[in-house]
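In: Need a 3D model of the sequence below.
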Amino acid sequence: MDQLTLLFAVLLGAVISVPVGDRLGLPAPVLMTCFGMVLAVADFVPNVDIPPELILPTLLPPLLYAAVRRTSWRQFAANKRPIFLLAVALVFVTTVCVAVVAHAIVPGLPLAAAVALGALIAPPDPVAATAVAGQLGLPRRLVSILEGEGLFNDVTAIVLYHVAIAAVVSGEFSVWQAGLELVLSAVVAVAVGLALGWGANKLLGLLEDATLQIGLTLLVPYASYVLAEELHGSGVLAVLTTALFLAEYAIGADDVVTRLAGHTVWDVVDTLVTGVAFGLIGLELHNVLQTASGRWGELLGWAAVIVGVVVLVRLLYLLPATWLTKRLHAKRDVEEEIPTSWRETVVMWWSGMRGVASVALALAIPLKTDSGAPFPDRDELVFIAFGVIVATLVVQGLTLPWLVRRLRVRADTEHEKELERQLAMRAAKAAKRRLREIEAVEDLPEDVSEQLLRRAFEIGLRIDPKIADEERREAHEKRVRRLERVRRIQSEMLSAARHEVLAARSEPGADPEIVDRVLRHLDVRSLR
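Out: Numbering: from 1, shown residues only. Next up is the predicted model:
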């Protein structure tokens, strides 16, 4: 098996892991990590040969962009306090605790190298948290906080990591310089993200074809990441800023085809890239096994201690942080989404899985310092990091569904249905209001006006039938059954038409381009 065959195997596993995970009730990223570990111990599978410096720029931009598309700026603004406590403060606390313990238990490990280890394993993975939380039916407020934490903690952790690595490589370190670098990195990233978001939004308006618009959105995350990194800013924060800007302004309300096609394309990209990312984590087991040859007891002991520190620090931090957030929330009456019980806090604690960013940062540790000496204890740091990633991702990922069921943490479905009902009523009222405006300037026949008014009301009914009284609901349901019968027959008629057109494609003298053009008209008709 060569590298290309291995890539295709991982991509196939990414596709298959989704339905298998749904059937087993397990997160697909966890299954992909296990699949990668199985491949890693197989003799016929080659070692993965990817330059470490390409892992983050290749995998993170599309994953972050896809994750941001599921949220909004308002959500981040409303949850800035809990996100700050988790994404910034908790990363600092975890980094310090891991650095102190690692410096104490690993003989001869420099403090700066220990800080680098703490920084690279401090941030929970945003992709893993989003994928796991989305499948378990957790309350939306928990999902929002986990998404916010996962998306913003990489910014803090990566800057800390680069400062620590620079201190080891150069032998110099300054607290003030590190703080200034953190601030400048954020400022540059936000500026780049806003500039590219604004420019991409203008360009999307000029590109009227949905295919070109979606193609541009595939390029924008990479452009934002690379440009920010070139200007010594945070590529992660730049991608987040660009994605949030485009999520608010890029697609108009009437760009139906672009929105539907864009969702489909980005769902495919998200599935494949997520599979490759977590499959790569499992495949790194091959290198770890080589590192641990003859030193299993010592290295496993160090890794177990650091895993305990990472997991315990998160719990001990979340308990007072959640209490403080509740107190501030009650005093200021801010509409933010926070855990409302100790059960939800426990679920947040156990959701702190490490993943793609930690692997990429561990592999990106330099081989040598500026003096030409080997980077101190590099193999040991990589082994410990992999141990933390596997323990948190596989163990916590596999047991989180069980924990959620045991604690009975569930989304407030009634509240969600009520919000959906309110939006359905607003949609119907907006349609009626627009109809009245049209009637004021156009002379519509009475029967047409009544028909349009009924359809305006049915816009809301199709979203939530409960917004109508019983009599109108029964009449609507009767019309729906009649329409469904008509649509079924019409669907069969269109299917016969498509089969006939496709059959004409193989006939002598048929022009495939014309056949595809006619078939597209039939497909659009079927979609409508």
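
In: my read: residue 439 touches residue 446, true?
Out: No - Residue 439 is beyond contact range of residue 446, at 10.5 Å (criterion: CB atoms under 8 Å). (C-beta placed from N, C-alpha, C; glycine too.)

In: More neighbours: the two, which one.
Out: Counted by other CB atoms under 10 Å, residue 439 and residue 446 do not tie: residue 439 has more neighbours, with 14 against 7.

In: mind giving me the domain split of this structure?
Out: 3-411, 412-468, 476-528 (automatic domain parsing).

In: and residue 441, how far is that from residue 456?
Out: Distance of residue 441 to residue 456, given as CB to CB, to the nearest Å: 17 Å.

In: who has more neighbours, the two?
Out: Using other CB under 10 Å as the criterion, residue 441 and residue 456 rank with residue 456 on top: 19 against 6.

In: so who does that one touch?
Out: 428, 431, 432, 435 (CB atoms under 8 Å, 6 or more residues apart in numbering).

In: give me every residue that touches the closest residue in space to residue 382 that isn't next to it in sequence.
Out: Of all residues not flanking residue 382 in the chain, residue 362 sits nearest, at 5.0 Å (CB to CB, 6 or more residues apart in numbering). Residue 362 makes contact with 120, 381, 382, 385, 386, according to CB under 8 Å, 6+ apart.

In: For these, pick the one with the most neighbours.
Out: Neighbour max across those (other CB under 10 Å) = residue 120, 32 neighbours.

In: State the helix or strand in which it lies.
Out: helix 111-121 (DSSP states H and E).

In: Could you pull up the mean pLDDT of that helix?
Out: Mean per-residue pLDDT for helix 111-121: 91.

In: Give the next helix or strand downstream of the worst-scoring helix or strand of the chain on mean pLDDT.
Out: Lowest by mean pLDDT, DSSP states H and E among the helices and strands of the chain is helix 126-135, with a mean of 65. For helix 126-135, the following helix or strand on the C-terminal side (DSSP H and E) is helix 140-170.

In: can you pull the buried residues of that next one?
Out: In terms of neighbour count (16 or more other CB atoms under 10 Å), helix 140-170 has its buried residues at 141-169.

In: Return the set of buried residues in the helix or strand that comes right after that helix.
Out: Downstream of helix 140-170, the next assigned helix or strand under DSSP H and E is helix 175-206. Of all the residues in helix 175-206, those buried under the rule 16+ other CB under 10 Å are 178, 181-182, 185-186, 188-190, 192-193, 195-197, 200-201, 204.

In: Can you spell out which helices and strands pack onto helix 175-206?
Out: Under the contact criterion of 3 or more CB pairs under 8 Å, 6 or more residues apart in numbering; DSSP states H and E, helix 175-206 touches helix 140-170, helix 210-230, helix 235-249.

In: related to what we said a few turns ago, check pLDDT for the buried residues of helix 175-206 and point me to the minimum.
Out: Among those, residue 178 carries the weakest pLDDT, at 69.

In: Just the element for the spatially most central residue of the chain, please.
Out: Against the mean C-alpha coordinate of the chain, by CA atoms, centre = their mean, the closest residue is residue 67 at 2.9 Å. Secondary structure from DSSP H and E places residue 67 in helix 52-68.

In: Quick one: name whatever helix or strand follows the helix or strand hosting residue 20.
Out: Using DSSP H and E, residue 20 falls within helix 3-24. As assigned by DSSP H and E, the chain's next helix or strand after helix 3-24 is helix 28-40.

In: what is the mean pLDDT for that next one?
Out: Helix 28-40 comes out at a mean pLDDT of 85.

In: ok, now stretch 89-97?
Out: For stretch 89-97, mean pLDDT rounds to 91.

In: can you dump the C-alpha coordinates of that stretch into CSV?
Out: Only the C-alpha atoms of stretch 89-97 are listed here, as CSV (Å, rounded to 0.1, in the frame of the first residue of the first chain):
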residue,chain,number,x,y,z
ALA,A,89,-8.2,31.4,31.1
LEU,A,90,-8.6,27.6,31.2
VAL,A,91,-5.9,27.3,28.4
PHE,A,92,-3.5,29.3,30.6
VAL,A,93,-4.3,27.4,33.7
THR,A,94,-3.9,24.0,32.0
THR,A,95,-0.7,25.0,30.3
VAL,A,96,0.9,26.2,33.6
CYS,A,97,-0.2,23.0,35.5
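
In: which residues are in contact with it?
Out: In this structure, residues lying in contact with stretch 89-97 by CB under 8 Å, 6+ apart are 115, 118-119, 121-123, 149, 153, 156-157, 160, 309-310, 313-314, 317-318, 321.

In: change it to 10 Å
Out: 84-85, 114-124, 149, 152-161, 164, 306, 309-310, 312-314, 316-318, 321, 352 (CB atoms under 10 Å, 6 or more residues apart in numbering).

In: Pull the contacting residues for residue 523.
Out: By CB under 10 Å, 6+ apart, the contact list for residue 523 reads 494, 498, 516.

In: Quick check: which element contains the second one?
Out: The one in question is residue 498. Assigning secondary structure by DSSP H and E places residue 498 in helix 470-505.

In: swap in the last one?
Out: Assigning secondary structure by DSSP H and E places residue 516 in helix 512-527.

In: From one end of stretch 41-51 to the other, what's the distance?
Out: End-to-end distance for stretch 41-51, by CA to CA, to the nearest Å: 21 Å.

In: What are the contacting residues of that stretch?
Out: So stretch 41-51 is in contact with 1-3, 5-7, 9-10, 36, 38-40, 58-59, 279-280, 282-287, 289-290, 360, 363-364, going by CB under 10 Å, 6+ apart.

In: Next, the buried residues of that stretch.
Out: In stretch 41-51, counting by 16+ other CB under 10 Å, buried: 45, 48.

In: swap in stretch 259-272?
Out: Going by neighbour count (16+ other CB under 10 Å), the buried part of stretch 259-272 is 262, 265, 266, 269, 270, 271.

In: now swap in stretch 106-113 and tell me
Out: Residues 106, 109, 110, 112, 113 are the ones in stretch 106-113 that count as buried (16+ other CB under 10 Å).

In: All set now, cheers.
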